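Visitor: Requesting a structural model of the entry that follows:
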Amino acid sequence: MTDPETARVRVLLLFGDRAEIVADAPDPIEPVWYPAGEIAAAVGVSPAELPGMRLLADVGPRDRLSGWRRA
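Guide: Numbers count the residues shown, from 1 in each chain. Down below sits the predicted model:
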């Protein structure tokens, strides 16, 4: 079994119970949406604190992110 790849990401905004996530890069490509509560619980903050936060996440099958942690 190989170690998962790690991605640096940034939370742009919240929309309802979802967080908009982009690569933490000068020209990020298309954003993706993840459950804000799941991310907030993993990093120990309230969902309202997520926008603007830079995080690390494991990249899994089909480029699905998990294992959220603060960068």
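Visitor: CA only for contacts and neighbour counts going forward, please
Guide: Will do.
Visitor: Surely Ala40 forms part of a helix?
Guide: Yes. The assignment for Ala40 by DSSP: H, G, I helix; E, B strand; the rest coil puts it in a helix.
Visitor: Distance of it relative to Ala23?
Guide: 18 Å (CA to CA, to the nearest Å).
Visitor: Check Val11 too.
Guide: Applying CA to CA to Val11 and Ala23 gives a distance of 9 Å.
Visitor: Kindly report the same for Val9.
Guide: Distance, Val9 to Ala23, by CA to CA: 4 Å.
Visitor: So which of Val11 and Ala23 has more stuff around it?
Guide: With neighbours defined as other CA atoms under 10 Å, Val11 and Ala23 compare such that Val11 has more, 24 against 19.
Visitor: wait, what's in contact with that one?
Guide: With contact set as CA atoms under 8 Å, 6 or more residues apart in numbering, Val11 has these partners: Ala19, Glu20, Ile21, Val22, Leu50, Pro51, Gly52, Met53, Arg54, Leu55.
Visitor: nearest residue to the fourth one other than its sequence neighbours?
Guide: This points to Val22. Ranked by CA to CA, 6 or more residues apart in numbering and with sequence neighbours excluded, the top spatial neighbour of Val22 is Pro31, at 4.8 Å.
Visitor: State the number of residues packed around the one you found.
Guide: So Pro31, with other CA under 10 Å, has 13 neighbours.
Visitor: which among the contacts of Val11 end up buried?
Guide: The neighbour count (16 or more other CA atoms under 10 Å) marks Ala19, Glu20, Ile21, Val22, Leu50, Pro51, Arg54, Leu55 as buried among the contacts of Val11.
Visitor: Now these in JSON lines, please, with extra columns for distance to Pro61 and secondary structure.
Guide: Formatted as JSON lines, the buried ones among the contacts of Val11 follow (distance: CA to CA, whole Å; DSSP: H, G, I helix; E, B strand; the rest coil):
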{"residue": "Ala19", "distance to Pro61": "20", "secondary structure": "strand"}
{"residue": "Glu20", "distance to Pro61": "20", "secondary structure": "strand"}
{"residue": "Ile21", "distance to Pro61": "17", "secondary structure": "strand"}
{"residue": "Val22", "distance to Pro61": "18", "secondary structure": "strand"}
{"residue": "Leu50", "distance to Pro61": "24", "secondary structure": "coil"}
{"residue": "Pro51", "distance to Pro61": "26", "secondary structure": "coil"}
{"residue": "Arg54", "distance to Pro61": "22", "secondary structure": "strand"}
{"residue": "Leu55", "distance to Pro61": "19", "secondary structure": "strand"}
